[in-house]
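**Q** fold the following and give me the result.
(4 chains)
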2 protein chains.
Amino acid sequence: MPDAPVRVLVADDEPLVRSGLRLILDAEPDLEVVGEAGDGARAVELTRALRPDVVCMDVRMPGVDGLRATELVLRLPDPPRVLVVTTFEHDGYVLDALTAGASGFLLKRAGADEMVQAVRTVAVGQSLLYPQALRELVRTRPRAAAGAPALTPREREVLGLVAEGMTNAEIAAELVVGVETVRTHVASVLAKLGARDRTQAVVLGYRAGLVEL
Amino acid sequence: MPDAPVRVLVADDEPLVRSGLRLILDAEPDLEVVGEAGDGARAVELTRALRPDVVCMDVRMPGVDGLRATELVLRLPDPPRVLVVTTFEHDGYVLDALTAGASGFLLKRAGADEMVQAVRTVAVGQSLLYPQALRELVRTRPRAAAGAPALTPREREVLGLVAEGMTNAEIAAELVVGVETVRTHVASVLAKLGARDRTQAVVLGYRAGLVEL
DNA sequence: GCCGATATCCCCCGGCCGGGGGAGGGGCGC
DNA sequence: GCGCCCCTCCCCCGGCCGGGGGATATCGGC
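**A** Numbers count the residues shown, from 1 in each chain, chains lettered A, B, ... in the order given. Purely as a prediction, here's the structure:
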């Protein structure tokens, strides 16, 4: 499909990286690097002027960094998609970048074809991550209740209020029952979860997917 | 790059959907649909026999569903990447699918080019989601500490152990300090977080992005 | 040199919590 | 009808917790 090529802006403080990316992307007939920026401020400026479809954004840049630049770029009218590219995978940038609104997160160590695919992917509107980042994102989510203890509805309800930081008395008032009743429910929850106190109950309950925080 | 084409297996209980996908994917010179399966069991069987690079997997299928099939397929030696495709976006399948090990999650309402890009993306090893799914995944993550109280390193450490469900005495043993010291730190944490007790501290600390659960 | 922040330890005390019992009523399935 | 589970309430008691004080030592910066 000879559509109009995807217009790409490359933002990285290393001229070498910019050249490399340009080489890789311009080699594809459907991709076109329309500009390069050496810092975040310039990236925003050029985005406004050149209106690219995709911005390849480095995280670490002097002055305005890639995360801030991502926010700014996405606030422009008819914003481009932002593909954040970084060197190290174990900085916590992934979450920050995605929160800032980035459509994708890629490691620089990715091969040329991965880079090319990534640009095309975000260009059509999908989101993309390197697999470890996605797994990390999923891993730290509450488990889908596999082998979770079977709490009664009332017990789940009480656990939920415990997780809100309420005392037994407050929970009793909330549920319009006696404090003794709440104490019984809490005791059941503790026993079923194998928790020693309400704090452990909250953590275990959260990990078992029984409560939302 | 005329590499060997990406070999794709299509698994969906609707013959019409299978035909549609085949049409879309086979139109690309670098993609090749090597087989179709009408249910999860058949998908596993064909994966073992045909050894595709990518499996496009529907979630809802009779018998073995797409999620279970994904798990099984990924347990095969030298497994393919699995791209899960579904109709509705508000079922909680995304998390289940990714937990099962899927490399991507796409909506059927995606256009042909999105579908093609998605297959190519997972083929090169990246992970992919439709944007709303990613935003949902990020949304429910702990906030990146915007306006979070400034805890001292020691206080953060103590809070982390509190969040593990430890008593002050256990924390003291863990940190090799007196119980009194721990009590002081906990008191500071409670004050800074505005929590009444350790349970609230854990919840507030979690929401402030100060502790991982 | 002084001050602030941090980390460490100490005492008293009131309170909520959690463990161990027991007990009654209502709904559901066999 | 009988048993079982769930929800409800009750008593006693030991313990950890959290609030209120105060004290000492180290480090770093102005």
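
**Q** how about the strands in chain A?
**A** Assigned by DSSP state E, chain A shows strands spanning A:6-11, A:31-37, A:54-58, A:81-86, A:104-107, A:127-129.

**Q** close to chain B, is the longest one?
**A** The reference is to strand A:31-37. No: taking C-beta under 8 Å from any C-beta of the partner chain as the criterion, strand A:31-37 and chain B are apart, separated by no less than 12.5 Å. Just so you know, the C-beta spots here come from the backbone N, C-alpha and C atoms, and that holds for glycine as well.

**Q** between the strands of chain A, which gets nearest to B:E180?
**A** Evaluated with C-beta to C-beta, the strands of chain A place strand A:81-86 nearest to B:E180, the distance being 44.0 Å.

**Q** ok and that closest one relative to strand A:6-11, angle-wise?
**A** On the basis of axes from the mean of the first three to the mean of the last three C-alpha atoms, to 10 degrees, strand A:81-86 is oriented at 40 degrees to strand A:6-11.

**Q** between strand A:81-86 and strand A:54-58, how many degrees?
**A** 20 degrees.

**Q** could you dump strand A:81-86 to PDB, C-alpha only?
**A** In PDB, the C-alpha atoms belonging to strand A:81-86 read as follows (Å, rounded to 0.1, in the frame of the first residue of the first chain):
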ATOM      1  CA  ARG A  81       2.300   9.200  18.800                       C
ATOM      2  CA  VAL A  82       5.300   9.000  21.100                       C
ATOM      3  CA  LEU A  83       7.600   6.000  21.100                       C
ATOM      4  CA  VAL A  84      10.000   6.300  24.000                       C
ATOM      5  CA  VAL A  85      13.400   4.700  23.500                       C
ATOM      6  CA  THR A  86      15.900   4.100  26.300                       C
END
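
**Q** quick one: average pLDDT of the longest helix seen in chain A?
**A** Counting by DSSP state H, the longest helix found in chain A is helix A:179-193. Computed over helix A:179-193, the mean pLDDT rounds to 90.

**Q** which other helices and strands does the helix or strand bottoming out on mean pLDDT in chain A contact?
**A** Counting by mean pLDDT, DSSP states H and E, chain A has its least confident helix or strand at helix A:131-139, which shows a mean of 76. For helix A:131-139, the packing partners by 3 or more C-beta pairs under 8 Å, 6 or more residues apart in numbering or on different chains; DSSP states H and E come out as helix A:93-100, helix B:93-100, strand B:127-129, helix B:131-139.

**Q** for DNA strand D, find the nearest of those.
**A** Proximity to DNA strand D (C-beta to the nearest atom of the strand) singles out helix B:93-100 among those, at 25.7 Å.

**Q** now that closest one, how far from the centre of its chain.
**A** 6 Å (C-alpha atoms, centre = their mean, to the nearest Å).

**Q** what about that helix, near chain A?
**A** Yes: Helix B:93-100 reaches chain A (C-beta under 8 Å from any C-beta) through B:L95, B:D96, B:L98, B:T99.

**Q** out of those, grab the one that's most surrounded.
**A** B:L98 (24 neighbours; other C-beta atoms under 10 Å in any protein chain shown).

**Q** got the CA positions of the least confident helix or strand of chain A in PDB?
**A** Presented in PDB, the C-alpha positions along helix A:131-139 are these (Å, rounded to 0.1, in the frame of the first residue of the first chain):
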ATOM      1  CA  PRO A 131       8.100  -8.000  26.600                       C
ATOM      2  CA  GLN A 132       9.800  -7.700  29.900                       C
ATOM      3  CA  ALA A 133       8.100  -4.400  30.600                       C
ATOM      4  CA  LEU A 134       4.700  -5.800  29.900                       C
ATOM      5  CA  ARG A 135       5.400  -8.800  32.000                       C
ATOM      6  CA  GLU A 136       6.500  -6.500  34.800                       C
ATOM      7  CA  LEU A 137       3.400  -4.500  34.400                       C
ATOM      8  CA  VAL A 138       1.300  -7.600  34.600                       C
ATOM      9  CA  ARG A 139       3.300  -9.300  37.300                       C
END
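
**Q** buried set for that helix?
**A** A:P131, A:A133, A:L134, A:E136, A:L137, A:V138 (16 or more other C-beta atoms under 10 Å in any protein chain shown).

**Q** could you check the angle it makes with helix B:93-100?
**A** 120 degrees.

**Q** where does the nearest residue to A:V73 once chain neighbours are set aside land on pLDDT?
**A** Once flanking residues are discounted, A:V73 sits nearest to A:T47: 5.0 Å by C-beta to C-beta, 6 or more residues apart in numbering or on different chains. In the prediction, the pLDDT value recorded for A:T47 is 96.

**Q** A:P79 versus A:T47, what's the distance?
**A** 8 Å (C-beta to C-beta, to the nearest Å).

**Q** for A:P5, same thing?
**A** 19 Å.

**Q** before we move on, what about A:G205?
**A** Applying C-beta to C-beta to A:G205 and A:P79 gives a distance of 40 Å.

**Q** okay, those two: which has more neighbours?
**A** Applying other C-beta under 10 Å to A:G205 and A:P79 shows that A:G205 carries more neighbours, namely 28 against 15.

**Q** surely the more buried one is in contact with A:E212?
**A** No: at 9.8 Å, A:G205 and A:E212 do not qualify as touching, with contact defined as C-beta atoms under 8 Å.

**Q** list the residues that contact the nearest residue to A:E164 once chain neighbours are set aside.
**A** The shortest distance from A:E164 to any non-neighbouring residue, by C-beta to C-beta, 6+ apart, is to B:V203 (7.0 Å). Residues near B:V203 by C-beta atoms under 8 Å, 6 or more residues apart in numbering or on different chains: A:A163, A:E164, A:G165, A:V202, A:L213, B:A195.

**Q** grab the nearest non-local neighbour of the last one.
**A** Spatial nearest neighbour of B:A195, chain neighbours left out: B:A201 (4.1 Å); criterion: C-beta to C-beta, 6+ apart.

**Q** burial measure for the one you found, as a count.
**A** Neighbour count of B:A201, defined by other C-beta under 10 Å: 25.

**Q** residue contacts, A:R7?
**A** If you count contacts by C-beta under 8 Å, 6+ apart, then A:R7 has A:E32, A:V34, A:L50, A:R51, A:P52, A:D53, A:V54 around it.

**Q** that one and DNA strand C, how far apart?
**A** 48 Å (C-beta to the nearest atom of the strand, to the nearest Å).

**Q** how close does that residue sit to chain B?
**A** 16 Å (C-beta to the nearest C-beta, to the nearest Å).

**Q** partners of that residue in the sheet?
**A** Under DSSP bridges, the beta-bridge partners of A:R7 are A:E32.
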